[in-house]
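# This is a predicted model, with the sequence first.
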Amino acid sequence: METRVVFQSEQNIDAAVMKEAGELIRAGELVAFPTETVYGLGGDALNAASSAKIYQAKGRPSDNPLIVHICRFEDIYEICSQVPPEAEKLAKAYWPGPLTMILPKAERVPGETTGGLDTVAVRFPSHPVAKAFIEAAGGFIAAPSANVSGRPSPTLARYVLEDMNGKIPLIIDGGAVGIGVESTIIDLTGEEPELLRPGYITREMLMETLGTVGQDRTMMEAHPTGRPKAPGMRYRHYAPKGELTLVSGKSDRVAAYIREQCRLAKAEHKKTGVLCTEESLPLYQTEVFDSVKCMGSRASQESVARELYRVLRECDDEELEVIFAESFSEEGLGQAVMNRLLKAAGHRTVEV
Ligand code: AMP
Ligand code: MG
């Protein structure tokens, strides 16, 4: 199959592109599209065969459920059998936006879309292209991130093409995404609302709206005792092919440790790299590094979230073998950044 990439600006939605994309979805095909978090791989959420195609294109285990994207709040009642007041409050505060809610599913949502669960994940994205696409496609788009399972989520259409070329007919290129890490997931089916995956909408923000919000204990742990409640968090997540270690401590000590470790690795002819920030970049200007990658500025957690998956992809592109990354505080959006970094590092951490 030939994969076409069509550019679509946020400001000026092209009705012909949306019509074509909508028709492909209605015919059971898949279309990749931009959202404010990462690129999604979309199919008709109400068509079991489309969901099966998504799993196949990604190489994703079929018990790892998809998120259903809607483009009008009211459509939540079409796919959920119960919508508690908490869901309405959260929607008022944060939809459209990067928040996914887990609710009991309505019968019409096929088990193929929800990984066999009787709950469904629902999100109303804010990206203008995503909204227009969902509407053109009939209102219910099942979409996980548009990467091959085990690779970082794509933040540029170029990365979608790398992973999906020849597997899907169309990629809508909306440019670079704004946020860069996947949506926050909150489960509203238990006794108390519970955060399952950290994202741009922080736990503090959720508590402002709902009062108490629990947190899945397994979310940030290296050796969780229980089973994570978001099935996707159970799978081995993206890790670069090289060995990635997170280093925490005072900036100059961190840099000194990383320089020394990379000097030793270089002596063994390993390809070395460091993932740092604008603030620490000057501390890594030595030949012990084959690659020095800047993932934003410490002054802006948003910038780090936006650059994270790009620098991780580049580690593999450049075949780095020994990689060190600086750590971040788990405050606010830092929790999402550290959750993804810890998974990428297989929880290999050093404090200096
Ligand atoms: P992705 O869009 O690729 O980040 O994948 C969606 C993730 O949402 C899955 O990996 C699950 O962890 C989570 N998810 C989707 N549906 C449910 C559900 N019904 N219950 C709990 N977690 C879910
Ligand atoms: Mg994903």
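On my side now, so go ahead. Ligands and ions are numbered 1, 2, ... in the order given.

# Which residues are in contact with G334?
Applying CB atoms under 8 Å, 6 or more residues apart in numbering, one finds that G334 lies in contact with 301, 328. C-beta: built from backbone N, CA, C; applies to glycine.

# Quick check: it vs Y200, distance?
Distance, G334 to Y200, using CB to CB, to the nearest Å: 12 Å.

# and the residue most central in space within the chain, what is it in contact with?
The chain has E182 as the residue nearest its centroid, 2.7 Å off, counting by CA atoms, centre = their mean. Residues near E182 by CB under 8 Å, 6+ apart: 37-38, 145, 153, 197, 199.

# For ligand 2, tell me whether the helix or strand where L341 lies is touching it.
Taking DSSP states H and E as the criterion, the element that holds L341 is helix 334-344. No. With CB under 5 Å from the ion as the criterion, ligand 2 is not reached by helix 334-344; the gap is at least 10.6 Å.

# now the very next helix or strand once past that helix, how far from the chain's geometric center?
Beyond helix 334-344 on the C-terminal side, the first helix or strand identified by DSSP H and E is strand 349-351. Per CA atoms, centre = their mean, to the nearest Å, the displacement of strand 349-351 from the mean C-alpha position of its chain is 25 Å.

# buried residues in stretch 345-352?
Taking 16 or more other CB atoms under 10 Å as the neighbour-count basis, stretch 345-352 is seen to contain the buried residues 345, 349.

# Quote the end-to-end distance of that stretch.
Distance across stretch 345-352, first residue to last, is 17 Å (CA to CA, to the nearest Å).

# now that stretch, how far from the chain's geometric center?
Relative to its chain's centre, stretch 345-352 lies at 22 Å (CA atoms, centre = their mean).

# same deal with stretch 15-28?
Here stretch 15-28 shows a centroid-to-chain-centroid distance of 25 Å under the convention CA atoms, centre = their mean.

# and what of stretch 162-177?
From the chain centre to the centre of stretch 162-177 is a distance of 16 Å (CA atoms, centre = their mean).

# Can you name the residues that contact the closest residue to ligand 1 within the chain?
Scanning the chain for the residue nearest ligand 1 gives G232, at 1.8 Å (criterion: CB to the nearest ligand atom). Under the criterion of CB under 8 Å, 6+ apart, the contact list for G232 reads 64-65, 197.

# quick one: which of the residues you listed has the most company?
Of all those, P65 has the most neighbours under the rule other CB atoms under 10 Å, reaching 24 neighbours.

# For V311, see how far away that one is.
According to CB to CB, P65 stands 29 Å off from V311.

# Which secondary structure element is home to the residue nearest to the centre of the chain?
Counting by DSSP H and E, there is no helix or strand that carries E182.

# How much space separates it from Y200?
The separation that E182 has from Y200, given CB to CB, amounts to 9 Å.

# Need the overlap of contacts for those two.
When contacts are counted by CB under 8 Å, 6+ apart, E182 and Y200 have T37 as shared neighbours.

# So what does whatever residue of the stretch 51-200 of the chain ends up closest to ligand 2 look like in phi/psi?
Using CB to the ion, the point where the stretch 51-200 of the chain gets nearest to ligand 2 is S145, with a distance of 3.4 Å. Geometry field for S145 lists phi and psi as phi -60, psi 150, criterion degrees, to the nearest 10.

# same check, this time on G273
Torsion angles, degrees, to the nearest 10, at G273: phi -150, psi 150.

# Equivalent analysis for V311, please.
Comment: the main-chain dihedrals of V311 come out as phi -70, psi -30, following degrees, to the nearest 10.

# I'd like to know how far the closest residue to it other than its chain neighbours sits from S145.
Distances taken as CB to CB, 6 or more residues apart in numbering place K293 nearest to V311, at 4.3 Å, with adjacent residues excluded. In this structure, K293 lies at 21 Å from S145, with CB to CB as the measure.

# higher neighbour count, the two?
Legend: neighbour count by other CB under 10 Å for K293 and S145, higher for S145 (27 against 21).

# Return the residues in contact with that one.
Applying CB under 8 Å, 6+ apart, one finds that S145 lies in contact with 38-41, 153-154, 182.

# 10 Å instead?
Neighbour list for S145: 32, 35, 37-41, 58, 60, 67, 151-155, 160, 163, 182-183, 232, 309 [criterion: CB atoms under 10 Å, 6 or more residues apart in numbering].

# to the chain's geometric centre, what's the distance from stretch 39-59?
Relative to its chain's centre, stretch 39-59 lies at 16 Å (CA atoms, centre = their mean).

# scratch that, stretch 210-230 is what I was asking about
Average the C-alpha atoms of stretch 210-230, do the same for its chain, and the two points are 18 Å apart (CA atoms, centre = their mean).

# same thing with stretch 107-117?
For stretch 107-117, the distance between its averaged C-alpha position and the chain's averaged C-alpha position is 21 Å (CA atoms, centre = their mean).

# That stretch close to ligand 2?
No. Where contact is defined by CB under 5 Å from the ion, no part of stretch 107-117 touches ligand 2; the two come within 12.9 Å at best.

# Need the contact partners of that stretch.
Residues outside stretch 107-117 that contact it (CB under 10 Å, 6+ apart) are 43-55, 60-68, 78-81, 102, 104-105, 118-122, 140, 142, 189, 231-232.

# Spit out the contact partners of the residue of the chain positioned farthest from its centre.
The C-alpha centroid of the chain is most remote from A267, which lies 36.3 Å away (CA atoms, centre = their mean). With contacts taken as CB under 10 Å, 6+ apart, A267 has the following neighbours: V288.
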